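>>> Got a sequence here, can you build the structure:
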Amino acid sequence: MAKAGKDQLRQPPKQSTGSGGETHQASTSRDTTLTTNQGVAISDNQNSLRSGARGPALLEDFVLREKITHFDHERIPERVVHARGSAAHGYFEASRNASRLSKAAFLRPGSRTKVFARFSTVAGGAGSIDTPRDVRGFAVKFYTEEGNFDLVGNNIPVFFIQDAMKFPDLVHAVKMEPDRGFPQSATAHDTFWDFISLMPESMNMVMWIMSDRTIPYSLRHIEGFGVHTFRLINGAGESTFVKFHWRPTVGAMSNVWDEAVKIAGADPDHQRRDLFETIQAGNFPEWTLSVQTFNQQTADSLDFDILDATKIIPEEVIPLTPLGRMVLDRWPDNFFAETEQVAFHPGNLVPGIDVTPDPLLQGRLFSYQDTQLIRLGGPNFHELPVNRPVCPFHNLQRDGYMRSTIAKGRVAYEPNSLDPKGVRENPKTGYRSFPDPDSGPKVRQRAESFADHYSQARQFYRSMTPPEKTNIVRALTFELGKVQTLAIRTRMLGHLDLIEPELGKRVAEALGMAGQADHIAPEVEPRDDLDPSPALSLVAKAPKTLQGRTVAVLVTEGSDAKLRDTVRKALEKEKATVKMVAPKAGKMKIGVLPDMTIEGGPSCLFDAVVLLPSIGGAEMLLDMASAVDWLRDAYAHLKAIGYVAAALPLFEKAALNIDDDPGIVDVGGKGGLDRFIEAAEQHKIWDRDTKVRPPV
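Next up, the predicted model:
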C-alpha cells in the first residue's frame, strides 16, 4: 500500500465558499465538468433550485430530480438507507388540547390513533448488526381518521447536510467504498471523513454522531426527533412553527463502545430481540410526543435559520410541551409484510400539519415517494395492509403493477358529467397548504442565515459531562485513526479546533498528530457566548431507575436460594427484568432453570450483574475463562456489580480492585441490596471510567 500522505491526493480543484458557507469545488475543464445523464453541464451541485434563497424547492429543477431519482433506484429491493429495521404496532393517545395550534383530529385530547413505528440503522444493509455507531431512524405512521400522517425522523435532532442536493453524495460517502465493498455499517473510513471534512455544515452532526447517542443500549431507550421545522395550522388558518420530539418514558441511555462491539459479536440482533421480548412480556415501550412551538417573531429573533436542518432550538430557549404518548404493544405478525413493506413519506400529511421550505425537507418530499416505486414494485404500495389508511379513500388513479382495488364504472377523470355521484375535490375539508411568505426569484443559492456551522457544535460539546466529552474524543480518535489519507485527518483536526480548541488538542494528541491541524477559516466565526444546554447530555438528564433495564444474576449449584429469591423480588419490585445466568443450560439441582449460560449470555447484554455463586461454584468458575471475562467485562463496561463473599476469588482472578468503588456492592451484607439498587439505577459507574480506560 502506498504511503499515506498529501502526495496521494491529486491537485485539488478550485474551491470557494457559497453565501451559506457551503463548499463549492469548480472545474475549468470540460473533461472534469459534472453533468447530468444527458450531458448537460451542472453549474451548482450544492443547492437545489428554489423560489428565493429561503423559498420552497421547484419541481422544474431537473438536475435535482434526476440526481435524487437515480439515487432512489440504486438498490433493489432493499432500502438504500435504513435497511436494517425493527418495528411494532401500537397506539398514540393525545392528552392535551392542542386546538389552538392544530386542527389535526388525532391531536384532540382523549383520541386514540393506531400507529406503526419502525426503528433502523442508516448505513448498514438489512443483514448488518444492530449495534454499530450509527444514527437510528425513528419513523411513525399514524393511521388517523383523516388519512395517514408519517413523522419520519431520527434519534438525533440535526442532520449532516442543509440541502437535499447533497443527500446522494452523503450516502455514497458513508456506504461501503465501491472499489472494495467494505466497511459495512461504519463511518470509520476515508470516503466518509473526506466528504465530511469538506462540509463545514456537518460539524454539529459530527459532535452528535461521535457522542454516545449513536450507540444506544436499546431501541426502547432512544429519543426521536422530526429534525425539520414543520408548521401546525389551526382551525382559523393560523400557522405556528413546530419541532417534534419523542422522549422514552424509561429515559435514554447508551452503551460504551467496547460494550457495543462485544454485543455485536454475542448477539447481532440484540436490539431487535430486546424490542420483541419486551413487547411479548407485556412491558410495552412508551414515548411522550412533545413539541417546541413558536411564531415568526421568535423565529426571526434566533441567531440561526429555523429552516436549517443542521441546527436545534435549545430547550432552554423554547421548552417542550407534551401532547400525548405512544405505546407499542404488538409485534408484527409477519416481518416482511409489515416491517419491510411499510412505506414512510414525510409528505403524508393531514389537515393541521404542513411543511416549510427547509431545502432538505423539500427534497425528501420528492425522494420518499419515488424510492417506494422501485422498492415496492410500482405505484400501488399504498394498498398493502401496513400502508393502507384506516379511513375511506377514493380517487381516480387506476391500474399499475400489483393493483388490488377493483374500481367500478366507466369514469376515471374529472370534471365529468357521466358520473354525478363520483368523487370530486372538497374545498371545505380538503387539505390546503399554508401560503409561504418567503417565495422569491428562482435561484441556486443558500441563505446567508445558514452559514454558522460551528457554534451549535461547540455548544453541544460544552454541554456534555466530562465522561461524555472523553467518549467523543475516543470516538473521533478511533474513526480518524482508521482514515488512511493524512490530508483528511489534518483537515478534520482543523474543524475540531474551530468547534472547541480543547477538543481539537485532545484528539490530535491521541492520534499522535499534535500541531498538525489545518488552518480553516470559517464563513462565520463560532460564538463563544452560548450557554451549555443540560438537555443535550444523556448522562446529566438520565433518570435514576431500573425500569426497563435487565439485571443478570449469576448462580451456581449450591447458591443461597433465600438470597437469590430476595434479590429477584427486590429487582422486580423496581420493575427490572431479571435473567438467571449459569454455567450450563439445564435445570439445576437448586431448582433453577437458567435463562442463559455464561457463554451465551455475556455480561455486555445486561445493565447490571449480581454474582451469587456458592464457594464450590466459585472454585469451578475460576477455571472458566468465560466466567472471568464475564466479570471483567461487566467491570470494564462500568456496570453496577453485586456480589457475595464467595465471589471474591473471581475478582482476584480478574485482577479487579474493588476498593472505593461505589458500584461494587456486597449484597449479602446489611443494606447491601439497597446500595446495589441505588448504584444500578445510575446505569453506568462513571467514576470507574478512568480506571479501565487510559485518559485522552
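>>> quick one: terminal-to-terminal distance for stretch 223-239?
26 Å (CA to CA, to the nearest Å).
>>> Apologies, that question was intended for stretch 154-162.
Using CA to CA, first and last residues of stretch 154-162 are 15 Å apart.
>>> Outside of that stretch itself, list whatever touches it.
Here stretch 154-162 makes contact (CB atoms under 8 Å, 6 or more residues apart in numbering) with 20, 22, 122, 135-138, 167, 170, 196, 199, 201-202, 204-205, 208-209, 213-214, 216, 222-225, 227, 243, 245, 308-312, 359-360, 446, 450, 456. C-beta here means a position set from N, CA and C on the backbone, and glycine is covered the same way.
>>> at 6 Å what do you get?
Outside stretch 154-162, the residues within contact range by CB atoms under 6 Å, 6 or more residues apart in numbering are 135-138, 170, 201-202, 204-205, 208, 222-225, 227, 308-310, 312, 450.
>>> now the chain, which segments are flagged as low pLDDT?
1-11, 75-77 (pLDDT under 70).
>>> Am I right that Gly363 falls within a helix?
Yes - per DSSP: H, G, I helix; E, B strand; the rest coil, Gly363 lies within a helix segment.
>>> from memory it sits against Ala164, does it?
Yes - with contact defined as CB atoms under 6 Å, Gly363 reaches Ala164; the gap is 2.0 Å.
>>> Tell me which residues touch Gly600, please.
Gly600 neighbours (CB under 6 Å, 6+ apart): none.
>>> And Phe195, which helix or strand is it part of?
helix 190-197 (DSSP states H and E).
>>> just checking, what packs against that helix?
On a contact count with 3 or more CB pairs under 6 Å, 6 or more residues apart in numbering; DSSP states H and E, helix 190-197 meets helix 167-174, helix 486-499.
>>> at 10 Å what do you get?
For helix 190-197, the packing partners by 3 or more CB pairs under 10 Å, 6 or more residues apart in numbering; DSSP states H and E come out as helix 167-174, helix 203-209, helix 466-481, helix 486-499.
>>> now what about the helix or strand just after the shortest one, what contacts it?
Okay, so that is helix 203-209. Counting by DSSP H and E, the next helix or strand C-terminal to helix 203-209 is strand 224-225. Residues from elsewhere that reach strand 224-225 (CB atoms under 10 Å, 6 or more residues apart in numbering): 117, 119, 136-140, 151, 153-159, 243-248, 252, 287, 289, 312, 326.
>>> Narrow these to those in strands?
117, 119, 136-140, 151, 153-154, 243-248, 287, 289, 326 (DSSP state E).
>>> what are the ranges of the helices in the stretch 1-150 of the chain?
In the stretch 1-150 of the chain, the helices defined using DSSP state H, counting those that start in this stretch lie at 62-72.
>>> Repeat that for the stretch 201-350 of the chain.
Using DSSP H, counting those that start in this stretch, helices in the stretch 201-350 of the chain cover 203-209, 257-266, 270-280, 296-301.
>>> Export these as CSV, with columns for distance to Glu78 and mean neighbour count.
Shown next, in CSV, are the helices of the stretch 201-350 of the chain (distance: least, CB to CB, whole Å; neighbours: other CB atoms under 10 Å):
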stretch, distance to Glu78, mean neighbour count
helix 203-209, 23, 25
helix 257-266, 20, 18
helix 270-280, 16, 19
helix 296-301, 39, 11
